[in-house]
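J.: the sequence and its predicted three-dimensional model are supplied below.
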Amino acid sequence: MKIYIKTYGCQMNERDSESASALLARSGHTIVHSEEEADAVILNTCSVRDQAEQKAIGKLGIMKRLLAEKPGMIFGIMGCMAQSRGEELLEKIPHLDFAVGTDNIHALPEIIGELAKERTKIRRDARFGADTPGIDAHRMEDAAKPYSAFISISRGCNRFCSYCIVPYVRGRERCRSMESIVEEAKGLAEKGVVEIMLLGQNVAAYGMGDVLPPIPENVSPFADLLERVSEIPGIRRIRFTSPHPAFFNGKLIEAIAKLPKVCKCVHLPMQSGSDRILKMMNRPYTSAQYYEIVEKLREKVPHINFSTDIIVGFPTETKEDFQATHFLMHKVGFDNAYIFKYSPRKGTKSSLLPDDVPQEEKERRNQVLLAELEKTNEEKNAALVGETFELLAEGPSKRNPARWSGRTDTFKTVVFPPPPGLKEGEFLQVKITGATSMTLYGEAVEK
Ligand code: 5AD
Ligand code: SF4
C-alpha cells in the first residue's frame, strides 16, 4: 500500500513519523510524499496549542474529497491528538478509520493490514515503557538529510508546567537506557550519520528519576550521555532539545564546554521573564537563575548561542510582566526564539484561570518580541563578517539552488557558492562575507 504521513508539531513528532515510515516500509508498504499518490493517509497530530489541533481536523475534512476518486482510501491519525481525543474524533469524523496514540507507533503495520481486509474503526492508546517498540527504527535511505538523525532519549514529561498538555498526552517521563541510545547512535554512525540530535521533553532530567529541583550540581546522567555519544567515531556534531532550566546544573555546563562535538548552541526554554508568571507557570526558576545559566555558559564558551521558547499573554500577564520578559530577552540576546500566544488547553491547571489577555494584546506582545529578535540578529550577524567557521554542508539553498547552505556549530545558516565536488553532509571552512538578520553569506576557504 502507498502511505503518506503528514507531520504537525515538534521534533518528537518528526521523529515518530520517521519511525512509523521505517516500520511501515519494513512490512512491505511504500512511503509516498503526497496525499494524491497515497492509498492511506496518516496525520501525525500536535495538541500543544488549539490552533495545531484545528489545522489537523481541517485537513482531515478537506481530504475527504479523495474518497470520491479512491473509495478504499484509509485515513488515520497518530500523535498527541490521537492519544487524547482519538475516541471522540473517530465518532465525529465518519471517514476517519484509526487513531493511534503516542506509544503505539509499532501497531501501525498491523492496523493498516487489518483495515485493508475489513473496514472498522480502530483505536490504540495503551502506554508502553521507555524502549517503546520501534523507538529506534530509522529510515535513512530516503531521508532529506541522511547525514543527520534524531534519537529519542526519553518519552513523556513529569514537569506539569501549568499551561502544558504534554504530560497528559505523552504520559510520565520514561528514559531509555544509556546503552540502547549509544547503540542506536553507533548504528547510525556506521550508516554515515555525522550529526545527532538527542530528543526529549526535558533532556536535562534524563536518568534523574523523581528528583525535584533544586537538583544537585555534580550529578547529570545527561552529561554522561553526551560524553558517551561523543566517544563514537564518525559522529562529529551532537545537538539536543530541550533542557528545562531548573535541571541545568554545573556538570552539564562543564560537559557542553569541554566536549568539542557538543554544538555550541543551547535551546533553553525561558517561557517568561517575570518571576510572578514563572511561578504561576509552575516553572521552578527565577529570571535571575535563568540568566545565571546563560552567563556561566558564556563565561566558558564565549561564542555560544542561545534560542528559546516564550509564551506571551499567559493569564494575568500585565504590561510589567511582559516588560520583564522583553528585558530578559534583550539581556540574553537570543539567536532564535519561538514565541507563542497563550492558548488554554483543556485539563491543564492554567486552563482554570480566565484567559484574560486580549488577542490583540497577545499579538502586540508577540510583535514586540519578534522585532527584538530581529534587531539582535542583525547586530550579532553583522559582527561575524570576516570570521571563519566550519560548516556542515546541507545542499542547495531553497531560494537560489546555485548556492548551497550549511550550518555552523552554533546553528547559524550560511549561504555560499559550493566548491567543486562538495557533497551534502561534508564539512568545509567558510569565511563570512556578508550578513542580514536572517542569513550569513560566505566563501569557502582552505583550512
Ligand atoms: N499555549 C501557548 N504555548 C504553549 N506552549 C506549550 N503549551 C502552550 C500553551 N498552552 C509552548 C511552550 C513550549 C512550546 C513547545 O510550546 O513555549 O516550550
Ligand atoms: Fe510541557 Fe513543561 Fe514538560 Fe516542556 S517541561 S513538555 S513545557 S510540561
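T.: Alright, I've got the coordinates. Numbers count the residues shown, from 1 in each chain. Ligands and ions are numbered 1, 2, ... in the order given.

J.: residues near Glu379, how many?
T.: Counted with other CB atoms under 10 Å, residues neighbouring Glu379 total 12. In this view, the C-beta of every residue, glycine as well, is placed from N, C-alpha and C.

J.: SS state for Lys145?
T.: coil (DSSP: H, G, I helix; E, B strand; the rest coil).

J.: what's the pLDDT at the nearest residue to it once chain neighbours are set aside?
T.: Closest residue in space to Lys145, ignoring its immediate chain neighbours: Glu394 at 6.7 Å, by CB to CB, 6 or more residues apart in numbering. Glu394 is assigned 96 on the pLDDT scale.

J.: wait, what's in contact with Glu394?
T.: Taking CB atoms under 8 Å, 6 or more residues apart in numbering, we find Glu394 in contact with 145, 404-407, 424.

J.: assign it to helix, strand or coil.
T.: strand.

J.: which stretch of helix or strand covers Gln429?
T.: Secondary structure assignment for Gln429, by DSSP states H and E: strand 427-435.

J.: and the helix or strand that comes right after that strand, what does it pack onto?
T.: Once strand 427-435 ends, the next helix or strand along the chain (criterion: DSSP H and E) is strand 440-445. On a contact count with 3 or more CB pairs under 8 Å, 6 or more residues apart in numbering; DSSP states H and E, strand 440-445 meets strand 388-396, strand 413-416, strand 427-435.

J.: for the last one, buried residues please.
T.: When burial is assessed from 16 or more other CB atoms under 10 Å, strand 427-435 yields the following buried residues: 428, 430, 432, 435.

J.: could you check the pLDDT of the first one?
T.: Reading off the confidence values, Leu428 has pLDDT 98.

J.: can you check the one 10 residues further on too?
T.: Taken from the predicted model, the pLDDT recorded for Met438 is 91.

J.: so what's it up against?
T.: Met438 touches 377, 413, counting by CB under 8 Å, 6+ apart.

J.: so what's the backbone phi/psi at it?
T.: Here is the backbone geometry of Met438 (degrees, to the nearest 10): phi -100, psi -40.

J.: for it, give its distance to ligand 1.
T.: 22 Å (CB to the nearest ligand atom, to the nearest Å).

J.: list, one by one, the residues from the stretch 51-200 of the chain near ligand 2.
T.: With CB under 6 Å from any ligand atom as the criterion, the stretch 51-200 of the chain comes near ligand 2 at residues 157, 159-161, 164, 166-167.

J.: for the stretch 201-350 of the chain, what spans make up the strands?
T.: 237-241, 265-267, 305-312, 336-341 (DSSP state E, counting those that start in this stretch).

J.: OK, contacts around Glu190?
T.: Gly234.

J.: any idea how far the helix or strand of the chain with the lowest mean pLDDT is from the chain center?
T.: Least confident element among the helices and strands of the chain, by mean pLDDT, DSSP states H and E: helix 66-69 (a mean of 92). Averaging C-alpha positions (CA atoms, centre = their mean, to the nearest Å) puts helix 66-69 34 Å from its chain's average.

J.: hang on, the earlier thing: so can I have TSV of the buried residues of strand 427-435 showing distance to ligand 2?
T.: Shown next, in TSV, are the buried residues of strand 427-435 (distance: CB to the nearest ligand atom, whole Å):
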residue	distance to ligand 2
Leu428	36
Val430	35
Ile432	34
Ala435	32
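
J.: ok so, going back, tabulate the residues of the stretch 51-200 of the chain next to ligand 2 (a markdown table), appending pLDDT, distance to Ile135 and secondary structure.
T.: Below are those laid out as a markdown table (pLDDT from 0 to 100; distance: CB to CB, whole Å; DSSP: H, G, I helix; E, B strand; the rest coil):
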| residue | pLDDT | distance to Ile135 | secondary structure |
| --- | --- | --- | --- |
| Cys157 | 96 | 16 | coil |
| Arg159 | 96 | 21 | coil |
| Phe160 | 97 | 23 | coil |
| Cys161 | 98 | 24 | coil |
| Cys164 | 98 | 22 | coil |
| Val166 | 96 | 17 | helix |
| Pro167 | 96 | 19 | helix |
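
J.: which of these count as buried?
T.: Buried among these (16+ other CB under 10 Å): 157, 159, 161, 164, 166-167.

J.: so which residues on the stretch 251-400 of the chain come close to ligand 1?
T.: Counting by CB under 6 Å from any ligand atom, the stretch 251-400 of the chain sits next to ligand 1 at 269, 271, 309, 311, 340, 342-343, 345.

J.: nearest residue to the residue of the stretch 301-447 of the chain found nearest ligand 2 other than its sequence neighbours?
T.: Ligand 2 sits closest to Asp309 of the stretch 301-447 of the chain, with a gap of 7.8 Å, by CB to the nearest ligand atom. Spatial nearest neighbour of Asp309, chain neighbours left out: Pro269 (4.0 Å); criterion: CB to CB, 6+ apart.

J.: surely Ile196 is within a helix?
T.: No - under three-state DSSP, Ile196 sits outside any helix and is assigned strand.

J.: neighbours of the residue in the stretch 1-150 of the chain positioned nearest to ligand 2, how many?
T.: Closest to ligand 2 within the stretch 1-150 of the chain is Val48: 7.9 Å, counting by CB to the nearest ligand atom. Residue neighbour count, defined by other CB under 10 Å, stands at 20 for Val48.

J.: repeat for Met73
T.: 18.

J.: what do you get for Gly134?
T.: Gly134 has 20 nearby residues by other CB under 10 Å.

J.: spit out the contact partners of it.
T.: 19-20, 22-23, 105-106.

J.: excluding its backbone neighbours, what's nearest it?
T.: Closest to Gly134 by CB to CB, 6+ apart is His106, at 4.0 Å.

J.: doesn't that neighbour belong to a strand?
T.: No - going by three-state DSSP, the assignment for His106 is helix, not a strand.

J.: so it sits against Asp131, correct?
T.: No - assessed by CB atoms under 8 Å, His106 is found out of contact with Asp131, at 11.0 Å.

J.: now do the contacts for the residue lying closest to Leu440 once chain neighbours are set aside.
T.: Nearest non-adjacent residue to Leu440, counting by CB to CB, 6+ apart: Val414, 4.5 Å away. If you count contacts by CB under 8 Å, 6+ apart, Val414 has them with 389, 391, 405-408, 430, 432, 439-442.
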